[in-house]
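Chemist: The following comprises the amino acid sequence and a computationally predicted model.
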Amino acid sequence: MLQYPLHAIVEMKEHLVDWASRAGVQWLSTIIPTQHVNALIFFFIISSLTVDLFAFVIPLLVFYLSFISMIICTLRVFKSSKTWENFSALTSLLTRFEPGLDVEQAETNFGWNNLEPYLYFIVSVFFVIFSFPVADKGWIPCSELSTVAIFFTAVSYKSLSPTAATYARRAMVIEVRGGTQH
């Protein structure tokens with residue numbers, strides 16, 4: 001204590017603050033009946049739950065979670081597009097050293113192993129499509145969400161490789177033609 005007085009003072013201050021906080025919490029818990037307050041909050045929540053509330057909240061919750069999942073999957077696809085470019089560069093390098101390498105089989109295996117974000121995206125689209133008509137439109141900012149969707153569609157299209165872009169173009173043309181014929 002005499003050798004390091006500043007260190008001793010800091011340690012005593014920390015012990016005093018710790019003791020005071022424990023004493024304050026104990027004093028506060030004796031004044032406020034926390035078990036009774038928790039029980040009242042629990043009963044209030046239980047009494048507020050109705051079938052109408054579930055019919056209102058669950059479709060909105062499913063819609064928003066699915067839409068956020070679509071955005072996350074799109075970002076994961078952007079990230080994996082760089083991985084695909086790196087894999088293509090690696091296979092072209094390996095073909096120089098190993099001429100018997102089956103590049104097509106390697107690319108097929110790599111593609112199948114990296115389908116997870118696409119599958120999650122399709123499942124999310126399914127949930128968005130079926131929860132949107134049921135959800136309350138007053139709580140869904142449709143114009144803002146459509147702007148976000150158009151932005152991600154344009155950026156996704158720009159990030160595609162040339163071969164995938166032709167397939168995407170064909171799919172968009174088929175979708176527009178199918179939508180205009182109804």
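Modeler: Ah, there it is.
Chemist: What segments of this protein are helices?
Modeler: For the chain, the helices defined by DSSP state H occupy 5-31, 34-48, 51-97, 103-113, 116-131, 142-159, 162-180.
Chemist: pLDDT of the fourth one, averaged?
Modeler: What it means is helix 103-113. For helix 103-113, mean pLDDT rounds to 79.
Chemist: between it and helix 116-131, how many degrees?
Modeler: 40 degrees (axes from the mean of the first three to the mean of the last three CA atoms, to 10 degrees).
Chemist: Provide the contact partners of helix 103-113 at residue level.
Modeler: Residues from elsewhere that reach helix 103-113, judged by CB atoms under 8 Å, 6 or more residues apart in numbering: 84, 87, 88, 91, 95. Bear in mind the C-beta positions are built from the backbone N, C-alpha and C, glycine included.
Chemist: What angle do helix 51-97 and it make with each other?
Modeler: Using the same axes, to 10 degrees, helix 103-113 lies at 160 degrees relative to helix 51-97.
Chemist: quick one: which of the contacts of helix 103-113 is nearest residue 119?
Modeler: residue 84 (16.4 Å; CB to CB).
Chemist: hang on, that closest one packs against residue 114?
Modeler: Yes. Residue 84 lies in contact with residue 114 (CB atoms under 8 Å); the separation is 7.4 Å.
Chemist: on that earlier part again, turn the helices of the chain into TSV, columns for mean neighbour count.
Modeler: Formatted as TSV, these follow (neighbours: other CB atoms under 10 Å):
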stretch	mean neighbour count
helix 5-31	10
helix 34-48	9
helix 51-97	14
helix 103-113	11
helix 116-131	15
helix 142-159	12
helix 162-180	10
